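Novice: Got a sequence here, can you build the structure:
(2 chains)
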Amino acid sequence: MTDTLKIADKIFTSRLFTGTGKFGNHHIMEEALLASGSELVTVALKRVNMDGENDDILQHLQHTHISLLPNTSGVRNAEEAIFAAHMAREALQTNWLKLEIHPDPKYLMPDPIETLKAAERLVKDGFIVLPYIHADPVLCKRLEEVGVAAVMPLGAPIGSNMGLKTLEFLQIIIEQSNVPVIVDAGIGAPSHAAAAMEIGADAVLVNTAIAVAGDPVKIAMAFKLAIIAGRMAYCAKLGTVKAYAESTSPLTDFLN
Amino acid sequence: MFREVFETYNWDEVQSGIYAKTAADVERALNKSKRDLEDFKALISPAAAPYLEQMAQISHRITQKRFGKTVQLYAPLYLSNECQNICNYCGFSFDNKIRRKTLSGVEILQEADYLKKQGFEHVLLVTGEATKTVGVDYLRDAIRLLRPHFANISIEVQPLEEDEYKTLAAEGLYAVLVYQETYHKENYKLYHLKGKKSNFDYRLDTPDRLGNAGIHKIGLGVLIGLEDWRADNFFTALHVNYLEKHFWKTKYSISFPRLRPASGLIEPKSVITDKELVQLICAWRIFNEEIELSISTRENEFFRDHIIQLGATSISAGSKTNPGGYTVEPESLEQFEIDDSRSVAEVKQMIEKKGYKAVWKDWEQFTEVEKV
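Specialist: Numbering: from 1, shown residues only, chains lettered A, B, ... in the order given. Just a heads-up that it's a prediction; the model follows:
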């Protein structure tokens, strides 16, 4: 049986989600996204030319296997996020939404209070909501309760390439979650992505590490392979790391 | 208020502190992952000059990490050269006998149409200070006119009151640029002889008013050439540090205007070389990884072509610095001479040749704006 991922009504064969920011040009972006095999690509609504039909970014994303995931980057609170979501649905003809509310423009830290508020409302408005949040296990449960389709906890600050700084909390989230867990932000190298998959993440979202690499196409392929390997390792039940030696002449042998 | 912080500092002490920095201070700053104000002093000091290549490498790397291989493009749109201030470095100075021009609504739209055709989505409205003709009402009407045509509108005009900023923000204003020109309070008077701009404190308090008004982005900077650029940039960094802590939802940008020749004006007192300007830009980037750094067409092509890889994140192109300069009245007096007179298409081509993507639009108004 093939190992697929289901989020809401969509089935994904690739567990690598990608973004469209920071690329040196849109041709390289398109090539890299194709090489990554990604089937879900996030687009910042603020970058899209909403009145022009031939938007520069969207033109390069017209492939049947790629679904768009508009994001609300740039909004500062729930009210603006809801406004942006409706705008996205109209302009891009999809009810999928990456809900990101970071009122802090410096570290782009997500606001948990506004995110929960907006998520609740947007689910009621018929959106498939994927919220970008801190690796906060309780927040994930609260979001699950209001009906989000997946949760997207961060590994480290957006664009930082620092890897899984929130590892311990991600593990709790993965253990407790009833919706898919997508590790978003901070993944800077294929090894980080593989590590996320090995601990049982359902998918990862990578943007900066691909866009800013010397060869975005090649690194996209590397991420694709790393995620396949990490997922395979998770499914194969990794051997556990032991903190102690296993003696060949056990001390409790005399009890047998 | 920032003024309270500012008043605990002494210009001469700051200046001598910068000049006393050593190679060891510079190396410590370069090897840290987070730099503080003392590190910034080291990075802008003469002691850092031999580390320029190393600084450029770090700056290049962290700029790409944060901003990607992109450069934002914007165009200034000069609305008026009327001004009641007498400032001896500015072409619009009241005592400068030139023909004054303030664009009418029709003329604003004519200029806007030209800029739209060039591809611009981000526009910076610039005026002098003539509150009777170019007051808040005029600015509000201008923003209302332009709002449907541009994704992002910024202003660089006289400092306003907090309520006035709120009024303009409700119309869709995104950013406000207000340069202190110099933080040398005594010598500030030598450049700003008459008019409202001669009030140092009112100008210094402006970013606090902007923060309180909830403006999305505040642009700061000093006019390089008036006083010691190192000390002045330290005070700018001090100002940014204060603002980031108090107004954490606001974005910040820094500009590096160099005093340019303009008719009937003073000569620069402190000259910054190209090497030093690169050092300054890299020092800013290494000190503050997230801040936007903006370079205008005051700089020449050669310098601008290289600076986008070294830390600059936003540049203007094809600029005119006179009201009506694009189409309405190309011959009216400009504020300063342009040093990169290439067309927008040429600048875009240069950006692409460098492996970068020109970003025209990076903002969307996600709130209802009153329909006119």
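Novice: Next to chain A, which bits of the stretch 151-300 of chain B? Give me the list.
Specialist: B:244, B:248, B:249, B:250, B:251, B:290 (Cβ under 8 Å from any Cβ of the partner chain). C-beta here means a position set from N, CA and C on the backbone, and glycine is covered the same way.
Novice: let's see 10 Å
Specialist: By the rule Cβ under 10 Å from any Cβ of the partner chain, the part of the stretch 151-300 of chain B lying against chain A is B:151-152, B:214, B:216-217, B:244, B:248-252, B:288-292.
Novice: Contacts only, for whichever residue of chain A sits closest to chain B.
Specialist: Going by Cβ to the nearest Cβ, chain B is nearest to residue A:22 of chain A, at 2.2 Å. Residues in contact with residue A:22 (Cβ atoms under 10 Å, 6 or more residues apart in numbering or on different chains) are A:29, A:159, A:207-212, A:216, B:64-70, B:357, B:359.
Novice: sec struct for it, please.
Specialist: On the three-state scheme (DSSP: H, G, I helix; E, B strand; the rest coil), residue A:22 is labelled coil.
Novice: quick one: the helices in the stretch 101-250 of chain A?
Specialist: A:112-124, A:137-146, A:167-176, A:190-198, A:208-211, A:216-235 (DSSP state H, counting those that start in this stretch).
Novice: Spatially nearest residue to the residue of chain A closest to chain B (excluding sequence neighbours)?
Specialist: Using Cβ to Cβ, 6 or more residues apart in numbering or on different chains and skipping residues adjacent in sequence, the residue nearest residue A:22 is residue B:68, 2.2 Å away.
Novice: same deal with residue B:109?
Specialist: residue B:145 (6.1 Å).
Novice: how many other residues sit next to the residue lying closest to residue B:17 once chain neighbours are set aside?
Specialist: Leaving aside its sequence neighbours, residue B:17 sits nearest to residue B:41 (Cβ to Cβ, 6+ apart; 6.0 Å). Neighbourhood size, residue B:41 [other Cβ atoms under 10 Å in any protein chain shown]: 28.
Novice: cool, and residue A:107?
Specialist: 13.
Novice: Please name the residues that touch it.
Specialist: By Cβ under 10 Å, 6+ apart, the contact set of residue A:107 is A:157, A:158, A:159, A:160, B:248, B:289, B:290.
Novice: 8 Å - rerun?
Specialist: A:157, B:290 (Cβ atoms under 8 Å, 6 or more residues apart in numbering or on different chains).
Novice: same thing with residue B:56?
Specialist: Contacts of residue B:56 by Cβ under 8 Å, 6+ apart are B:278, B:282, B:310.
Novice: Residue A:39 versus that one, what's the distance?
Specialist: Distance of residue B:56 to residue A:39, given as Cβ to Cβ, to the nearest Å: 40 Å.
Novice: Give the closest residue to residue 219 in space, chain neighbours not counted.
Specialist: I went with chain A, as the question did not name one. Nearest one to residue A:219, counting by Cβ to Cβ, 6+ apart, is residue A:213 at 4.0 Å.
Novice: wrong one, chain B
Specialist: residue B:177 (3.5 Å).
Novice: Next, count neighbours for residue B:275.
Specialist: Residue B:275 has 10 neighbours, counted by other Cβ under 10 Å.
Novice: Remind me which helix or strand it belongs to.
Specialist: Here residue B:275 sits within helix B:274-287, counting by DSSP states H and E.
Novice: Which strand or helix spans residue A:33?
Specialist: helix A:26-36.
Novice: Correct me if wrong: residue B:341 contacts residue B:297.
Specialist: Yes - applying Cβ atoms under 8 Å, one finds residue B:341 in contact with residue B:297, separated by 7.5 Å.
Novice: what about those two, which has more around it?
Specialist: Legend: neighbour count by other Cβ under 10 Å for residue B:341 and residue B:297, higher for residue B:297 (25 against 13).
Novice: can you tell me which residues contact residue B:315?
Specialist: Here residue B:315 is in contact with B:71, B:72, B:73, B:74, B:294, B:295, B:296, B:304, B:308, B:347 (criterion: Cβ under 8 Å, 6+ apart).
Novice: cool, and residue B:74?
Specialist: Per Cβ under 8 Å, 6+ apart, neighbours of residue B:74: B:120, B:122, B:123, B:124, B:152, B:154, B:314, B:315, B:316.
Novice: Is it located within a helix, as I assumed?
Specialist: No - if the criterion is three-state DSSP, then residue B:74 is strand and not within a helix.
Novice: Drop anything exposed from the residues of the stretch 151-300 of chain B next to chain A.
Specialist: Buried subset of those (neighbour count, 16 or more other Cβ atoms under 10 Å in any protein chain shown): B:151-152, B:216-217, B:244, B:250-252, B:288-292.
Novice: Just the ones in helices from these, please.
Specialist: Secondary structure from DSSP state H places residue B:244 of those in helices.
Novice: how about the buried ones among the residues of the stretch 151-300 of chain B next to chain A in TSV, adding distance to residue B:164?
Specialist: Output for those, formatted as TSV (distance: Cβ to Cβ, whole Å):
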residue	distance to residue B:164
B:151	23
B:152	20
B:216	16
B:217	17
B:244	24
B:250	17
B:251	20
B:252	21
B:288	29
B:289	33
B:290	28
B:291	26
B:292	24
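Novice: any chance of the buried ones among the residues of the stretch 151-300 of chain B next to chain A in TSV, plus pLDDT?
Specialist: Output for those, formatted as TSV (pLDDT from 0 to 100):
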residue	pLDDT
B:151	91
B:152	93
B:216	95
B:217	97
B:244	96
B:250	95
B:251	96
B:252	97
B:288	96
B:289	94
B:290	93
B:291	96
B:292	96
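Novice: With respect to residue A:77, which of the buried ones among the residues of the stretch 151-300 of chain B next to chain A is nearest?
Specialist: residue B:216 (12.7 Å; Cβ to Cβ).
Novice: Am I right that residue A:25 is in contact with residue B:354?
Specialist: No - Residue A:25 is beyond contact range of residue B:354, at 10.8 Å (criterion: Cβ under 8 Å).
Novice: Can I get stretch B:349-368 in PDB, CA atoms only?
Specialist: Extracted C-alpha coordinates of stretch B:349-368, given in PDB (Å, rounded to 0.1, in the frame of the first residue of the first chain):
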ATOM      1  CA  GLN B 349      17.600  44.200 -16.000                       C
ATOM      2  CA  MET B 350      20.600  44.900 -13.800                       C
ATOM      3  CA  ILE B 351      18.800  43.300 -10.800                       C
ATOM      4  CA  GLU B 352      18.100  40.200 -12.800                       C
ATOM      5  CA  LYS B 353      21.600  40.000 -14.100                       C
ATOM      6  CA  LYS B 354      22.800  39.800 -10.500                       C
ATOM      7  CA  GLY B 355      20.500  36.800 -10.000                       C
ATOM      8  CA  TYR B 356      18.000  38.700  -8.000                       C
ATOM      9  CA  LYS B 357      14.200  39.200  -8.500                       C
ATOM     10  CA  ALA B 358      12.700  42.700  -8.500                       C
ATOM     11  CA  VAL B 359       9.700  42.700  -6.200                       C
ATOM     12  CA  TRP B 360       7.100  45.300  -7.100                       C
ATOM     13  CA  LYS B 361       4.400  44.300  -4.700                       C
ATOM     14  CA  ASP B 362       4.800  43.200  -1.100                       C
ATOM     15  CA  TRP B 363       1.800  44.600   0.600                       C
ATOM     16  CA  GLU B 364      -1.900  44.300   0.500                       C
ATOM     17  CA  GLN B 365      -4.400  46.300   2.600                       C
ATOM     18  CA  PHE B 366      -6.300  43.700   4.600                       C
ATOM     19  CA  THR B 367      -8.700  46.100   6.100                       C
ATOM     20  CA  GLU B 368     -11.700  47.900   4.700                       C
END
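Novice: quick one: that stretch to chain centroid distance?
Specialist: Remark: stretch B:349-368 is offset 18 Å from the chain centroid, using Cα atoms, centre = their mean, to the nearest Å.
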